[in-house]
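# here is my input, please return the structure:
(chains A, B, C and D)
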Number of protein chains: 4
Amino acid sequence: MAERKPVFLVIGAGAGIGGHTAQRFAAGGYHAVLARRSDEEGLQKLVDAIGDAGGEASGRLIDALLPDTIEELVEDVERSIGPIECALFNLGAQIGNRALADTTDRIFELGWRLATYAPFRLARALMPHMAERGRGSLIVTSATAAVRGNAGQHSHAAAMGGRRMLCQSLNAEFAPKGIHVVHALIDGPVDAPDTLGKMLGDKFEGFKSSKGEDGLLDPAAVAETYWHLAHQPRSAWTHEIDLRPWTDTPWWNDN
Amino acid sequence: MAERKPVFLVIGAGAGIGGHTAQRFAAGGYHAVLARRSDEEGLQKLVDAIGDAGGEASGRLIDALLPDTIEELVEDVERSIGPIECALFNLGAQIGNRALADTTDRIFELGWRLATYAPFRLARALMPHMAERGRGSLIVTSATAAVRGNAGQHSHAAAMGGRRMLCQSLNAEFAPKGIHVVHALIDGPVDAPDTLGKMLGDKFEGFKSSKGEDGLLDPAAVAETYWHLAHQPRSAWTHEIDLRPWTDTPWWNDN
Amino acid sequence: MAERKPVFLVIGAGAGIGGHTAQRFAAGGYHAVLARRSDEEGLQKLVDAIGDAGGEASGRLIDALLPDTIEELVEDVERSIGPIECALFNLGAQIGNRALADTTDRIFELGWRLATYAPFRLARALMPHMAERGRGSLIVTSATAAVRGNAGQHSHAAAMGGRRMLCQSLNAEFAPKGIHVVHALIDGPVDAPDTLGKMLGDKFEGFKSSKGEDGLLDPAAVAETYWHLAHQPRSAWTHEIDLRPWTDTPWWNDN
Amino acid sequence: MAERKPVFLVIGAGAGIGGHTAQRFAAGGYHAVLARRSDEEGLQKLVDAIGDAGGEASGRLIDALLPDTIEELVEDVERSIGPIECALFNLGAQIGNRALADTTDRIFELGWRLATYAPFRLARALMPHMAERGRGSLIVTSATAAVRGNAGQHSHAAAMGGRRMLCQSLNAEFAPKGIHVVHALIDGPVDAPDTLGKMLGDKFEGFKSSKGEDGLLDPAAVAETYWHLAHQPRSAWTHEIDLRPWTDTPWWNDN
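Predicted coordinates:
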């Protein structure tokens, strides 16, 4: 009987960082579980592509805003597929710029539910399993807004700032239990048709070429760095890392 | 007819930083509006003490967790008392150390409602008034957990990290409209009977004397710094400031 | 016989922050000692203006780059004028933007000598006196370059980054001995004829008006904040504070 | 005729991070040039070990404190061995804890010369070559003291704080020219006999076992992360990364 593969779980598995990281882990011998909210067809395409390349993958549609969805996903994967060795929380909460007066209660709360509360729920469901095994890793994709607020970012920055402090808190409790927590600061635009592409619509290609060669974060490259981080031996763990294209000004510099 | 005094509004007006700042502003010629959730008697004592000292003050009991309470408070004060020149958001969300497994959904959400969402609501209600006048200031009392997460601080750090990024976002939108936003990092224990005192109970006096002379933040001293910040001319504004007792190790140093 | 006044010492006493802080402390009852490298006439004018306003002041010309000058100044002031209760290190090391290839050894070292080594020397000379008295304060004027490097700032940022870490180290050793160390992040242009004025020459007025009303840091306002900080009771000390004009974008935001 | 290998140059090539990174790059197809100040025998051992493993390496003894040594090394390697594709600046300036009164001018300046000035000199010599080729990477090993000062760290923190801001300045100027600059924050003790081992002497083994299993940073693991960073495609570069053992408290948390 075949040995069970270790499991890689990603919440927020679009065609960008989430999908590419799933591919990378599947290529490296993991069973990749891809979870996203909608677009069953798109999800199936990602799963099939991994299978076609000789990897193992499953897809799940879940709405991370609903009660118990994340929790049940974790339990179900652990029970029916195998031990989650690495999880990637990859949902963002970017809603574009919006003045305070236009930031409704609903929007502000939605930012928090997606960007702060959902990774907390994932961690709370996942950590007991990993702690029992004394190993595992949780990578959280984060954004510039986690380290600086900006006009129009009231919802996004508050949610991401909370996310960053949550990751530090998780790291403080769980690193000594053998669980590697990574806060990955994506400090530039990602070449991702499902998120930035949808946000910009038919302006996406123009935006992309305005950025020049290699001017958007290649999600496959981010995936490779995530793979590296997830496999750092525990004697040399990274908690925070930034990533941006070579031509992009870091968040602390002026444009 | 007497000229109306400028108004100072504090949400979270206990016997610590909130109450002392109200006293300081009343002594400086403001009408101080003190809002807190409970303890009508304690609130009245604070209001009376300000009156006895020749100042003007009003008290309001509001539950910042309920819908519309903060919003109605702002509208009511603006209409019935006068223009709010300075507001202090002074509610914390410290719940003591609590492992992830013991951090329920309710507790995690409560932290956000008190520490991130409530100041957002205050700002959204207040900023239009201040922006119309082209001046005003909003001071937000914050905590160490806004800049670093720690074991047991999952709820508190996530909420305070969100608060800090919210303040930066508010500053980015409203400073150029003449509104001064301050994020005040209280990086040490406050000599406050209503919060730390209640949390520690009969261990408070022992804790206090273990800290030595001037080893707790004197809320009157914090109030004096808040008064200074609120009156900085707009050519030289502070957005972030830290405050701690001389014997207390800053958050970035080891104990 | 008259009681001796407490002494305020400023190194870098031009017509900007240094001179105005000297005026503020003299008005508050200190004997102000103003030290600068050159322009004896300008120095005398500052000293005379303080005297004309009823204050006490002395001027000293010293070259902070030469050995023993800072050290002898401290000893001499302590012996001949009185105990230094507050010192302000106010020398900058801004040399304008300069590509790496144009940053000579001499320039790079000069930045360090002025911005990192000189305040170290001041602290080493001063701290034993203050520690013996169990009180005193050292305020260090700093710059945006202390928290982020930028193109063309190789010398300035390296020197200021060193300055900031030095201030944290001084605070860690000396705060528990009763000495208040402040790192003041001046994050915007100062309305200072002796520094920015000289750097920009006849473009200064145009620059100033391009910034709009109150668009440059008023050095008198900075001085008022320094006065406040120097008089915070030791139960509530600030170590780091930022200051910028209302219309100026904070260093962490985009322009 | 054989194609020339790309060159990896490390300054500070002891038996810890420097030596292991050289090994890793040699194994990956680079010619590794190992430079250090002394111990010709130890250096030869490292070079031989790389050769025995089928790699290419050269050793150089240079004193980074002397004028022109770093500059000549770069020119000589470029001319006689080949284009430097990746350089690692790996000299520290840790001198143990030392009170301000015991921090002599010589020690304070030495810290700067080793930790701030030397990497500046390396960058100034190296960048023109890399800029001409439009590619290359410079990794700078850094330390906790780059982000927080501490008692007894006056020299070390000032020097490392300068180093960090220098790296940000280099990144701002040279990233858009295709050169990857990395500031690697080593936030924990390294299992390195040549540095920590020598500092602790016969207490090293006791210290090591007190840290528990995998409780010191394994330099081979750090080398693997450096290898990864040096090979990130330019669409997804990391500028700052932290590294620490799983059981080690991050610098921002209490012990």
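# so the residue lying closest to residue A:177 once chain neighbours are set aside, which state does it fall into?
Nearest residue to residue A:177, sequence neighbours excluded (CB to CB, 6 or more residues apart in numbering or on different chains): residue A:131, at 4.7 Å. C-betas here are computed from N, CA, C, even on glycine. Here residue A:131 is helix, with the state taken from DSSP: H, G, I helix; E, B strand; the rest coil.
# I'd say residue A:131 and residue A:174 touch.
Yes: the criterion here is CB atoms under 8 Å, and residue A:131 meets it with residue A:174 at 6.7 Å.
# close to chain B, is stretch A:87-100?
Yes: residues of stretch A:87-100 are located near chain B by CB under 8 Å from any CB of the partner chain, namely A:99-100.
# between the two ends of that stretch, how far is it?
34 Å (CA to CA, to the nearest Å).
# that one near chain C anywhere?
No: figure legend: stretch A:87-100 not in contact with chain C (CB under 8 Å from any CB); closest approach 11.7 Å.
# buried stuff in that stretch?
Using 16 or more other CB atoms under 10 Å in any protein chain shown as the test for burial, stretch A:87-100 gives A:87-95, A:98, A:100.
# dump the residue contacts of the residue nearest to residue A:177.
Contacts for residue A:131 were tallied using CB atoms under 8 Å, 6 or more residues apart in numbering or on different chains; they are A:174, A:177-179.
# highest neighbour count among these?
residue A:179 (25 neighbours; other CB atoms under 10 Å in any protein chain shown).
# if I look at it, how far off is residue A:103?
Distance of residue A:179 to residue A:103, given as CB to CB, to the nearest Å: 35 Å.
# rewinding a little: give me the pLDDT value at the residue nearest to residue A:177.
Here, the pLDDT recorded for residue A:131 equals 98.
# which residues touch the lowest-mean-pLDDT helix or strand in chain A?
Using mean pLDDT, DSSP states H and E, helix A:198-200 stands out as the lowest-scoring helix or strand of chain A, at a mean of 85. Applying CB under 8 Å, 6+ apart, the contact partners of helix A:198-200 are A:94, A:96, A:207.
# which residue packs closest to the second one, ignoring adjacent ones?
This means residue A:96. residue A:199 (6.7 Å).
# ok, the first one next?
Nearest residue to residue A:94, sequence neighbours excluded (CB to CB, 6+ apart): residue A:156, at 5.6 Å.
# I'd say that neighbour and residue A:95 touch.
Yes: taking CB under 8 Å as the definition, residue A:156 is a contact partner of residue A:95 at 6.4 Å.
# shared neighbours of the two, anything?
Counting by CB under 8 Å, 6+ apart, the common neighbours of residue A:156 and residue A:95 are residue A:111.
# and the gap between the residue nearest to residue A:177 and residue A:226?
Taken as CB to CB, the span from residue A:131 to residue A:226 is 22 Å.
# ok, the residue in the stretch 101-250 of chain A that chain C sits nearest to - contacts?
Chain C sits closest to residue A:148 of the stretch 101-250 of chain A, with a gap of 4.1 Å, by CB to the nearest CB. Taking CB under 8 Å, 6+ apart, we find residue A:148 in contact with A:157, A:251, B:165, B:168, C:252-253.
# which ones among those residues map onto helices?
The helices, defined by DSSP state H, take in A:157, B:165, B:168 from the contacts of residue A:148.
# distance to residue B:234, neighbour count and pLDDT added to the residues you listed, as a markdown table?
Converted to a markdown table, those look like this (distance: CB to CB, whole Å; neighbours: other CB atoms under 10 Å in any protein chain shown; pLDDT from 0 to 100):
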| residue | distance to residue B:234 | neighbour count | pLDDT |
| --- | --- | --- | --- |
| A:157 | 23 | 32 | 97 |
| B:165 | 23 | 31 | 98 |
| B:168 | 18 | 26 | 98 |
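# and those residues as TSV, adding distance to residue B:110?
As requested, the ones in helices among the contacts of residue A:148 are exported to TSV (distance: CB to CB, whole Å):
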residue	distance to residue B:110
A:157	21
B:165	19
B:168	24
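# show the pLDDT at residue A:228.
98.
# would you check that it makes contact with residue D:230?
No: look at residue A:228 against residue D:230 with CB under 8 Å: they stay out of range, at 11.8 Å.
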